[in-house]
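Colleague: pasted the sequence and its predicted model underneath.
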Amino acid sequence: MISKKMKIMVDSSSAIRAMFEEGRRLAALRGEDKVFDFSLGNPNIAPPSEVADAARDELLSDDPVFLHGYMSNAGYVDVREKIADWLNARFGTKYSPDGIVMTVGAAGGLNVALKSLLDDGDEVVVVSPYFGEYRCYAANFGGRLAEVPALPDFMPDCEAIEAAVNERTKAVIINTPNNPTGAVYGEDVLKALAKTLDRAAEKAGHPVYLISDEPYRELVYGGAVQPYVAAFHRNTLTCYSYSKSLSLAGERIGYMAIRPDADGYEELCSACSVATRILGFVNAPSLMQRVVARCVDVKPDVRFYDRNRALFESVLDEAGLEYVKPQGAFYLFVKAPDGDEAKFCERAKSLGILIVPSTSFGVKGYARAAYCVSPAKIEDSRAAFKALAGMYD
Ligand code: PLP
């Protein structure tokens, strides 16, 4: 028998995966061309060519023992140096390699951060809608989420965040560009948030860390700029990932960055390094560490996603469906016309469209469509979306 705790997690975390399985079932039944699967945030463009070049060069290196061996739990020192230097040059930060911990993607980084910060019963503030896995990540370490609804424009509600803080609050997680809304927090928002966190720390009686979940940092469109979150607040733990920017989701590689002026810096760095080991990761994948260190300057092809965004928006506009206009990431948050997201997704499914109900992100009334798919798939879904909207006439 599995544990009671795990049973709850299995039941609550399977919605998006179940959708994926449903897509496979429908494709077998109706044919691949009649299924429009927008359920998963899995990039469908190949990694930039520099990634394969770097992997090939590394594999041909004359020291396979070094390449494939164990290392310091935080990762190769030269890789962490490279990333610290690159961040400092790009964002004007002052990271040292000690403050960089290579992680198993952003998911690994978030778990390492929460393992390092949480005692049983501690709280983590999240801005809803939020990436549903946060619930399980906090629960992994006896923590629970305090959900604070975003403002109507999907920006964080700083007053409500401050009000939600208490002596058990250890961290606030933000995610910009945002999954599922595509919202991008600008400079003013981040400045206000930094002040909120300073006040929150006073209220809690200890530091309240800002955990910045950044897998979509490089994916912004239409002139939007994503300021570097950690530049605004010293107690920021940045969790970056190459899953989306370099299309390396299955390779599981990212890093955490901790500012040297963060409260408890040395203890935090050691805790994150030890957490990496004792969570069973031991260290982030070694070949991929070396590859990303060679690819720090490689940019994703944002134009591909931007064209998909425009195409998908035209499909929804033509159908007359409302959505949140995204500035980044690769998701559209579509309004259920009568506010019932479960019915909306069921009706969509009956037409071969797979989208995720917003309850997976802690809110009602919407569905998330991922547009990291082929443009042809989006174009081909046009008639099905019209038919979906027609069900509400
Ligand atoms: N955070 C958010 C907001 C995500 O959307 C995802 C993946 O979709 C993750 C974290 C996990 O990303 P990774 O593959 O880097 O673990």
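Modeller: Nice, I can see it.

Colleague: state the number of residues packed around the nearest residue to R217 once chain neighbours are set aside.
Modeller: Nearest non-adjacent residue to R217, counting by CB to CB, 6 or more residues apart in numbering: Q226, 5.7 Å away. For every residue, glycine as well, the C-beta is placed using N, CA and C. Using other CB atoms under 10 Å, Q226 has 19 other residues around it.

Colleague: can you tell me which helix or strand Q226 belongs to?
Modeller: Assigned by DSSP states H and E, Q226 belongs to neither a helix nor a strand.

Colleague: and it, what does it touch?
Modeller: Taking CB atoms under 8 Å, 6 or more residues apart in numbering as the criterion, Q226 is in contact with T176, P177, V184, Y185, R217, V220, G328.

Colleague: now do A389
Modeller: A389 neighbours (CB under 8 Å, 6+ apart): A319, G320, L321, P337.

Colleague: keep only those of these that are in helices.
Modeller: Counted as lying in helices by DSSP state H, out of the contacts of A389, are A319.

Colleague: got JSON lines for the contacts of A389, with neighbour count, pLDDT and distance to M288 too?
Modeller: Listed next are those as JSON lines, based on neighbours: other CB atoms under 10 Å; pLDDT from 0 to 100; distance: CB to CB, whole Å:
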{"residue": "A319", "neighbour count": "18", "pLDDT": "98", "distance to M288": "40"}
{"residue": "G320", "neighbour count": "13", "pLDDT": "98", "distance to M288": "44"}
{"residue": "L321", "neighbour count": "21", "pLDDT": "98", "distance to M288": "39"}
{"residue": "P337", "neighbour count": "18", "pLDDT": "98", "distance to M288": "43"}
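
Colleague: next, format the contacts of A389 as CSV and append distance to H68.
Modeller: Listed next are the contacts of A389 as CSV, based on distance: CB to CB, whole Å:
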residue, distance to H68
A319, 51
G320, 55
L321, 50
P337, 54
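
Colleague: can you pick the most crowded of the contacts of Q226?
Modeller: Using other CB under 10 Å as the neighbour criterion, T176 leads those with 30 neighbours.

Colleague: could I get the full set of helices for the stretch 51-200 of the chain?
Modeller: In the stretch 51-200 of the chain, the segments counted as helices under DSSP state H, counting those that start in this stretch are 64-68, 77-91, 105-117, 133-139, 158-164, 187-204.

Colleague: which helices and strands does the third one pack with?
Modeller: Read it as helix 105-117. strand 100-103, helix 133-139, strand 169-174, strand 209-214, strand 236-241, strand 254-258, helix 265-278 (3 or more CB pairs under 8 Å, 6 or more residues apart in numbering; DSSP states H and E).

Colleague: what's the spacing between the closest residue to the ligand within the stretch 1-150 of the chain and W86?
Modeller: Closest contact between the stretch 1-150 of the chain and the ligand, by CB to the nearest ligand atom, is at G105 (2.8 Å). For G105, the distance to W86 equals 19 Å [CB to CB, to the nearest Å].
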